[in-house]
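*Asks:* Predicted model and sequence below, questions to follow.
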Amino acid sequence: MNGWEAKMSTLIAYTTRYGSTEKCAQKIAEGLNGEVEMVNLKEKKNIELSPYNTVIIGGPIYMGKIQKEVAAFCSGNIDLLKNKKLGLFICCMKEGEDAETQLKDSFPEQLFNKAVAKDYFGGEFNITKMIFLHRLIVKILARVNKDTSNILEDHIIRFREAL
Ligand SMILES: Cc1cc2nc3c(=O)[nH]c(=O)nc-3n(C[C@H](O)[C@H](O)[C@H](O)COP(=O)(O)O)c2cc1C
């Protein structure tokens, strides 16, 4: 690389409640070239986007919706994000058409249509970490009462390759 070329730099902006989305964000980061910075949107809301060529945004789905900090980050930075190379992902326990619908509904249409990589990565039920209410919801709706991992490694690999 000579001094005139901009350094390739990637931001991964994400949220997580019980750690599985952070795990997926780390898995993406491990395989990317150039500088990669991970930012938890629950800890930092105002991020200077100009240093990044590529922005990856992801979050977990709770009761059909992406976490609100992800939605706020997208809508608050839409004009800047439109001009980046974009990757969008969700973590969720549904698969197939249901997961695709959740993915599409999680991001503004303008960003969704522009993204070069968009996918769902599966997820985890970290029952032992959950607050009582979440444990109850998972037990009733998903009929799961022990820690369960369903991270879709192949989806993470194809996401990274699409970037
Ligand atoms: C209370 C609760 C509600 C959930 N709702 C959904 C949902 O509507 N759709 C879905 O696909 N997964 C749902 N999930 C699964 C989460 O998206 C999954 O556990 C995800 O990996 C959590 O990410 P995190 O560990 O980063 O917080 C739900 C999980 C919990 C605990």
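*Replies:* On my side now, so go ahead. This one's a predicted model, so the numbers in the text were calculated from it and none came from an experiment.
*Asks:* what about Phe159, is that helix, strand or coil?
*Replies:* With DSSP: H, G, I helix; E, B strand; the rest coil as the basis, Phe159 sits in helix.
*Asks:* same deal with Glu124?
*Replies:* At Glu124 the chain is in strand, as set by three-state DSSP.
*Asks:* so what's whatever residue of the chain ends up closest to the ligand up against?
*Replies:* Ranked by C-beta to the nearest ligand atom, the top residue of the chain for proximity to the ligand is Gly123, at 2.4 Å. For the C-beta atoms, the positions are set from N, CA and C on the backbone; glycine is no exception. Shown in contact with Gly123 (C-beta atoms under 8 Å, 6 or more residues apart in numbering): Ser20, Thr21, Pro60, Ile61, Cys91, Cys92, Met93, Asn150, Ile151.
*Asks:* now, which of these lie within helices?
*Replies:* If you go by DSSP state H, the contacts of Gly123 have Ser20, Thr21 in helices.
*Asks:* Pick out the residue closest to the middle of the chain.
*Replies:* Gly58 (1.5 Å; C-alpha atoms, centre = their mean).
*Asks:* Distance of that one relative to Thr128?
*Replies:* Between Gly58 and Thr128 the distance is 23 Å, computed by C-beta to C-beta, to the nearest Å.
*Asks:* the strands in the chain, which residues?
*Replies:* Applying DSSP state E to the chain gives strands spanning 9-14, 35-40, 54-62, 65-66, 85-91, 117-120, 122-125, 148-151.
*Asks:* which one of these lies closest to Phe73?
*Replies:* Set against Phe73 and scored by C-beta to C-beta, the strands of the chain come closest in strand 9-14, at 5.9 Å.
*Asks:* So which elements touch that closest one?
*Replies:* Counting contacts by 3 or more C-beta pairs under 8 Å, 6 or more residues apart in numbering; DSSP states H and E, strand 9-14 is packed against helix 20-30, strand 35-40, strand 54-62, helix 68-76.
*Asks:* Out of the ones you listed, which is the most enclosed?
*Replies:* Ranked by mean neighbour count, these are led by strand 54-62 with a mean of 24 (mean count of other C-beta atoms under 10 Å).
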